[in-house]
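[1] The following comprises the amino acid sequence and a computationally predicted model.
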Amino acid sequence: MGNPPELYYEILHVAKDASPQGVRAAYKTLARQWHPDKHPPASRPEAEARFKAITEAYEALLDWQENRAVFAAWDEVRSRAAKKDSNVGDATPAIARARDEKAGVAGSAGPCTPAWESTKKVYSSCSNVAGGGRRAFAEFSSYVVRKAPPLECKVECTLEELCNGCKKEVRYTRDVLTKNGLITKKEVTQTIRVKPGWRKGTAVTLEGAGDERPGCLTGDAVFVITEKRHKRFKRLGDDLVLKAQVPLVTALTGWSLSFRLLGGDKFRCSFRDEVICPGYVKVVKGGGMPVAGGEKGARGDLRLKFDVVFPENLTDEQRKGLAEILGGCA
């Protein structure tokens, strides 16, 4: 016996190896969601079509699973009988009749269930249609795949909010259907939970929170994280970059720098025994952004980039003094 069309699995949102219990659970959930009595007149035709498709897919898959079990049992019985006795002709008709009466297969004396008869017709039509029966299901599947386009909304966050995590109240306008089937605008508010370490471009999808269209499933609302420019720090992946200007005299003789990290902690960095040269970068391990989805406590690095500020003018006396002081330096 052939396999059911893949569309049945798509309609019920189940895997091909789903158990009968899984098929029943998926059917109950979708049937409650798409029962026509729970929908307003504007969307009731689509709900009725969807409910009909869900019911047909459920009955067909369940019948196919039951008959598959019967055929498997029949094959096992026949195999065992062949091993015990080479003359199994007398037993075969009785076993076959019992099998056919339970399965309801064509050509048997037993009754056929309506769903299985419908499924057999579907199988027959699929076998005669090129491309795996897709055209045979074109009208049927049109009720399933149609959905309003997603509605995209931007969620602007500061580096502090992306570092520590936060909740953002996002107000946006969506299209909704009135009882008369007309489209009107409605302003709604959704709360988006921003997790520590999220990056620019991270998207959060709320199913069914987007626009409504006649004859279509309600679209999704997609909230895309954007990053507000920071006055001190620049983000590179999970690392943070901080640029600091250092006067030449302190770059040569020693310097200390203090500032607050994005998490609020105060950080102090001192340079006493090292010379800060142009382009010098000091890496502070674990001073960057939290790593989203990484191990607990994992963070990027903080990179301190120093820009040494040279004097624009020097007097002759200053030049002479610098030459005497720096003359012996390698």
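    Happy to help now that I have it. Residues are numbered from 1 along each chain as shown.
[2] neighbours around residue 246, how many?
    Using other C-beta atoms under 10 Å, residue 246 has 19 neighbouring residues. Where you see a C-beta, it was placed from the backbone N, CA and C, and this is true even at glycine.
[3] cool, and residue 183?
    Neighbour number of residue 183 under other C-beta under 10 Å is 12.
[4] again, but for residue 214
    13.
[5] next one: residue 223
    Neighbour number of residue 223 under other C-beta under 10 Å is 21.
[6] what helix or strand is residue 267 on?
    strand 266-271 (DSSP states H and E).
[7] Skip the chain neighbours and tell me the closest residue to residue 9.
    Using C-beta to C-beta, 6 or more residues apart in numbering and skipping the chain neighbours, the partner closest in space to residue 9 is residue 16 (5.7 Å).
[8] that older thread, could you pull out the buried residues of the strand holding residue 267?
    Buried residues in strand 266-271, counting neighbours by 16 or more other C-beta atoms under 10 Å, are found at 269, 271.
[9] Report the rounded mean pLDDT for stretch 194-203.
    Taken as a whole, stretch 194-203 has a mean pLDDT of 94.
[10] how distant is that stretch from the center of its chain?
    13 Å (C-alpha atoms, centre = their mean, to the nearest Å).
[11] rewinding a little: same question for the strand holding residue 267, mean pLDDT?
    Per-residue scores along strand 266-271 average to 81.
[12] Three-state assignment for residue 305, please.
    strand (DSSP: H, G, I helix; E, B strand; the rest coil).
[13] for residue 191, same thing?
    strand.
[14] Quick check: residue 169 is in a strand.
    Yes. The assignment for residue 169 (three-state DSSP) places it in a strand.
[15] heads up, I number from 28, so please use that
    Okay, using 28 as the starting number, the last item reads as residue 196.
[16] Starting from residue 221, give me the distance back to it.
    11 Å (C-beta to C-beta, to the nearest Å).
[17] The two - which one has more neighbours?
    Per other C-beta under 10 Å, whichever of residue 196 and residue 221 has more neighbours is residue 221, with 19 against 9.
[18] Residue 186 versus the nearest residue to the more buried one once chain neighbours are set aside, what's the distance?
    Distance criterion C-beta to C-beta, 6+ apart; nearest residue to residue 221, sequence neighbours excluded, is residue 193 at 5.0 Å. As for residue 193, its distance to residue 186 is 12 Å (criterion: C-beta to C-beta).
[19] Which elements pack onto the strand holding residue 294?
    Where contact means 3 or more C-beta pairs under 8 Å, 6 or more residues apart in numbering; DSSP states H and E, strand 293-298 is packed against strand 282-287, strand 308-311.
[20] Could you tell me the least trusted of those?
    strand 282-287 - the lowest mean pLDDT of these, at a mean of 81.
[21] mind checking the SS state of residue 85?
    Classified using three-state DSSP, residue 85 is helix.
[22] what's around the closest residue to it other than its chain neighbours, how many residues?
    Nearest residue to residue 85, sequence neighbours excluded (C-beta to C-beta, 6+ apart): residue 54, at 4.1 Å. Applying other C-beta under 10 Å, we find 20 other residues in the vicinity of residue 54.
[23] In contact with residue 54: list those residues for me.
    39, 81-82, 85 (C-beta atoms under 8 Å, 6 or more residues apart in numbering).
[24] now the strand holding residue 294 against strand 282-287, angle please.
    Orientation check (axes from the mean of the first three to the mean of the last three C-alpha atoms, to 10 degrees): strand 293-298 against strand 282-287 gives 170 degrees.
[25] chain center to strand 293-298, what's the gap?
    Worked out by C-alpha atoms, centre = their mean, strand 293-298 lies 41 Å from the chain centre.
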